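1. fold the following.
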Amino acid sequence: MIRFVEENKAMTVNFLYDKNHKLINCAKKGTIAFVDNFLELTKNGEVRKVSSYLLNEEIRTLPKRKIHIDAKILIKSGQKIKIEVSDGINKLSFENGYPDKAKTRPINKEDIIKQIKKTGNTIYEIDKLDIDLGDGLFINLKDLNEMRRDVLTKLDNVRMSNKTGIKERDYESTLKTDNRSITVNVKVETKMQYEAARQYACNIFTENLELYHSLKNEIYPVIKEGFQIPNFSKYMICDYGALGALVNIKESAIVHSDYMLNVTNSYSVNNLINLNVNTICLSPELKTDQIIDLVNSYNSSYIEVLLYGKIELMKMKYDLNSDNSNTSLIDRNNKKYFIKRVKDIYYLISSDNVDLVNDALKFKEAGVKNFRLDFYDETYEECDRILKKLCNKI
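-> Next up, the predicted model:
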């Protein structure tokens, strides 16, 4: 099977030709081979081999992963035959029937080892087998095999029914609320976006250092890598490391937390409130109904919802733009991901916008008081249209 990346099509290669159009069964590295154009391809591009007979055979012959277990077997006169197995976490046993006195040849340890270690197509492999065998006893090997199968089935059932528990820690809720009115917070990248936002009653933030320094009396900073915390009245923090810097900020400062802190539950909201964060943006991973459930169960006026914007997907120190020729990446589905640089850190930005502006009234009725808009490459007119739409909703 090969895939043509440019046109995202795949085919199974049944006939392979050399440059003289003769059939061949393989092509060596560095040579040119030809296939029939059943897919009616029209573009040149990269070809990838995604499967092959040899690769499939190699995978098929790989040794199966086994769960290593220990076993014990007790065969004593007058006592039920007992087999016990343990995978290191679960330990269980199975009893069945009594051994008979041997009339001719008694069973020996070699017979028992051979039968008990026959785990066959199960996921288990017996590493250690302890045998406590009385003298002159006989048991049917068929019965021994059945006991082995039964005890391993029991172990299967126990392992499948065991679920990792959720460790919960009690915490004292310090629910805070106030009579704040509806607030819109806007993050901008450009001067034109700022000009559009300032026409509306909203708080404006930026992580663009140049823009911040030119408008520092009218715009608030987003604290990121390399951004010095100034003595100002409002901030937005984007990671938990920045929380440690809050001790140096004057007590009257208003601190907003970004969605990058990945707040998804009331426990996180409660912790940030205890750290004197004033507005807490929920994770954009939450769906509308999940946000409303959280607000209903923890009705705090500190909660903020991101209604519009492109999401930061990844940050790295690897220079994706060393020659200054790339401002974006394009994946195989032709989706664009923007590259943004802040100091020596590179951010990968989603190609699609979160857009929950139509749900703004629903959030407001649930008790949300803070709404967030993030502008990245929007024009003045686009920013104005989105802000106007939001104001009409709330």
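
2. show me where the stretch 151-300 of the chain has helices.
-> If you assign secondary structure with DSSP state H, counting those that start in this stretch, the helices in the stretch 151-300 of the chain sit at 191-197, 209-214, 266-274, 288-297.

3. wait, which of those helices is closest to residue 93?
-> Across those, residue 93 has its closest neighbour in helix 266-274 (41.6 Å, C-beta to C-beta). All C-beta spots, glycine's among them, are computed from the backbone N, C-alpha and C.

4. shaky segments in the stretch 151-300 of the chain?
-> For the stretch 151-300 of the chain, applying pLDDT under 70 flags the ranges 163-178, 225-232, 243-252, 299.

5. just list the residues touching residue 377, thanks.
-> Neighbouring residues of residue 377 by C-beta atoms under 8 Å, 6 or more residues apart in numbering: 189, 338.

6. quick check, it in a strand?
-> No: according to DSSP: H, G, I helix; E, B strand; the rest coil, residue 377 belongs to no strand; its state is coil.

7. now it: how far from residue 306?
-> Computed as C-beta to C-beta, to the nearest Å, the residue 377 to residue 306 distance reads 17 Å.

8. show me what the mean pLDDT comes to for stretch 40-58.
-> Mean pLDDT, stretch 40-58: 81.

9. now do that stretch: everything it contacts.
-> Identification of contacts with stretch 40-58 by C-beta under 8 Å, 6+ apart yields 1-7, 9-10.

10. which PyMOL command selects the buried ones in those residues?
-> The buried residues among the contacts of stretch 40-58 can be selected in PyMOL (16 or more other C-beta atoms under 10 Å) with this line:
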select buried, resi 3+4
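
11. just to be sure, which of the contacts of stretch 40-58 are found in strands?
-> Using DSSP state E, the members of the contacts of stretch 40-58 that fall within strands are 2-4, 9-10.

12. before we move on, back to that, could you identify the most distant pair in the contacts of stretch 40-58?
-> Across these (C-beta to C-beta), the longest gap, 16.8 Å, separates 1 and 6.

13. out of the helices of the stretch 151-300 of the chain, deepest packed?
-> Stretch with highest mean neighbour count among the helices of the stretch 151-300 of the chain: helix 191-197 (a mean of 20; mean count of other C-beta atoms under 10 Å).

14. and it, what does it pack against?
-> Applying 3 or more C-beta pairs under 8 Å, 6 or more residues apart in numbering; DSSP states H and E, one finds that helix 191-197 contacts strand 183-188, strand 203-206, helix 209-214, helix 380-393.

15. format these as JSON lines; extra columns: distance to residue 329.
-> Output for those, formatted as JSON lines (distance: least, C-beta to C-beta, whole Å):
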{"stretch": "strand 183-188", "distance to residue 329": "22"}
{"stretch": "strand 203-206", "distance to residue 329": "24"}
{"stretch": "helix 209-214", "distance to residue 329": "24"}
{"stretch": "helix 380-393", "distance to residue 329": "23"}
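
16. would you map the helices across the stretch 1-150 of the chain?
-> Secondary structure of the stretch 1-150 of the chain (DSSP H, counting those that start in this stretch): helices at 53-60, 109-116, 141-161.

17. could you redo those as a markdown table and give each row distance to residue 331 and mean neighbour count?
-> As requested, the helices of the stretch 1-150 of the chain are arranged in a markdown table below (distance: least, C-beta to C-beta, whole Å; neighbours: other C-beta atoms under 10 Å):
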| stretch | distance to residue 331 | mean neighbour count |
| --- | --- | --- |
| helix 53-60 | 25 | 9 |
| helix 109-116 | 53 | 15 |
| helix 141-161 | 38 | 15 |
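
18. any idea which of these gets closest to residue 334?
-> Proximity to residue 334 (C-beta to C-beta) singles out helix 53-60 among these, at 28.8 Å.

19. any idea of the pLDDT on residue 85?
-> Residue 85 is assigned 93 on the pLDDT scale.

20. from the chain's centroid, how far away is stretch 46-56?
-> 28 Å (C-alpha atoms, centre = their mean, to the nearest Å).

21. distance between the ends of it?
-> Start-to-end span of stretch 46-56 (C-alpha to C-alpha, to the nearest Å) is 23 Å.

22. out of the helices and strands packed on helix 191-197, nearest to residue 86?
-> Nearest to residue 86, of the helices and strands packed on helix 191-197 and by C-beta to C-beta, is strand 183-188 at 56.4 Å.

23. beta partners of residue 72?
-> residue 84, residue 130 (DSSP bridges).

24. got the domain boundaries for the protein?
-> Per automatic domain parsing, the structural domains of the chain span 2-60, 67-160, 183-393.

25. now the longest one: how far from the chain's centre is it?
-> Read it as domain 183-393. So, by C-alpha atoms, centre = their mean, the centroid of domain 183-393 is 21 Å from its chain's centroid.

26. go on, the shortest one?
-> The offset between the C-alpha centroid of domain 2-60 and the centroid of the whole chain comes to 34 Å, using C-alpha atoms, centre = their mean.

27. quick check: end-to-end length of it?
-> End-to-end distance of domain 2-60 (C-alpha to C-alpha): 20 Å.

28. ok, now the last one?
-> Start-to-end span of domain 183-393 (C-alpha to C-alpha) is 13 Å.

29. please name the bridge partners of the nearest residue to residue 327 once chain neighbours are set aside.
-> Distance criterion C-beta to C-beta, 6 or more residues apart in numbering; nearest residue to residue 327, sequence neighbours excluded, is residue 339 at 5.9 Å. Here residue 339 shows beta-bridge partners residue 348, assigned using DSSP bridges.
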